[in-house]
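Enquirer: here are the coordinates; sequence isn't available:
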């Protein structure tokens, strides 16, 4: 069995290779490749492996560009530091993924799923699933939220929302004119609706607009504190387990 690793972070690539070898020492590990361009060239000029371990964000773009530029005739297990819309698409379309940091138990489950589901004869099935995933990434996100204020109804554009937050079992949005509005969705539902390139879930209570961030400060326990526009009474803290993904989200 041959497994190709596509990962732009050397420590992460080495960690994945060690886990793969721990799962089965007979597996031949190929790569790692760290960029979309290199990966496209590799697939165009080499026999395809049995399986690919592929990070979503590479040195020169998102790995989904690989599928737009060449044909990948093998299943892929995606790896990602993001638990945003990418992961939701994979869940819907039954393509496996691993959330970083990857542990051996999760890798084992993913490999067993591959062995039970995606064999060589399933190339057409996998290609169909990938088409569905890519189409999911082209979906349209919510453009505005309708708010009821007393007897009045108001429409707030998503780009005019600084952040969403939950408090006392209710969900609110703060607009850029410093008005708070209650909305009829949970924070989890809102996260599904808005563009993950624009909004990031920093913790259980906050979903912030990238344009609302005025300053980022190192905070206790390896966390980050955000200073947001028009936000003086709330502390917006990036949870420790979210910090790595948050930094990647900023550095796109």
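Expert: Arrived safely, thanks for sending. What you see is a predicted model, and the numbers here were worked out from it, not measured in a lab.

Enquirer: how about the helices of the stretch 151-252 of the chain, start to end?
Expert: Along the stretch 151-252 of the chain, counting by DSSP state H, counting those that start in this stretch, helices occupy 187-193, 243-250.

Enquirer: Which one, of those helices, ends up nearest to residue 79?
Expert: Closest approach to residue 79 among those (C-beta to C-beta): helix 243-250, 12.3 Å. In short, each C-beta sits where N, CA and C put it, glycine included.

Enquirer: Quick one: distance of that closest one to the chain centre.
Expert: In terms of C-alpha atoms, centre = their mean, to the nearest Å, the centre of helix 243-250 is found 10 Å from the chain centre.

Enquirer: Over to stretch 167-178?
Expert: Centre-to-centre, stretch 167-178 and its host chain are 24 Å apart (C-alpha atoms, centre = their mean).

Enquirer: can you list the residues that contact it?
Expert: The contact list for stretch 167-178 (C-beta atoms under 8 Å, 6 or more residues apart in numbering) reads 145, 147, 156, 160-166, 180-183, 185-187, 190, 205, 229-231.

Enquirer: one more time with 6 Å
Expert: Residues outside stretch 167-178 that contact it (C-beta atoms under 6 Å, 6 or more residues apart in numbering): 156, 160-165, 180-183, 185-187, 230.

Enquirer: Next: stretch 6-20.
Expert: With C-beta under 6 Å, 6+ apart as the test, stretch 6-20 has contacts from 3, 5, 27, 29, 32-34, 39, 53-55, 58-59, 104, 107.

Enquirer: roughly how far apart are residue 210 and residue 115?
Expert: Residue 210 sits 40 Å away from residue 115, going by C-beta to C-beta, to the nearest Å.

Enquirer: Please apply the same query to residue 101.
Expert: Separation of residue 101 from residue 115 (C-beta to C-beta): 23 Å.

Enquirer: One more: residue 172?
Expert: With C-beta to C-beta as the criterion, residue 172 and residue 115 are 47 Å apart.

Enquirer: any idea how the protein splits into domains?
Expert: Following automatic domain parsing, the chain resolves into domains at 2-137, 144-250.

Enquirer: how far does the last one sit from the chain's center?
Expert: Its chain's C-alpha centre lies 17 Å from the corresponding centre of domain 144-250 when counted by C-alpha atoms, centre = their mean.

Enquirer: end-to-end on stretch 231-250?
Expert: Start-to-end span of stretch 231-250 (C-alpha to C-alpha, to the nearest Å) is 20 Å.
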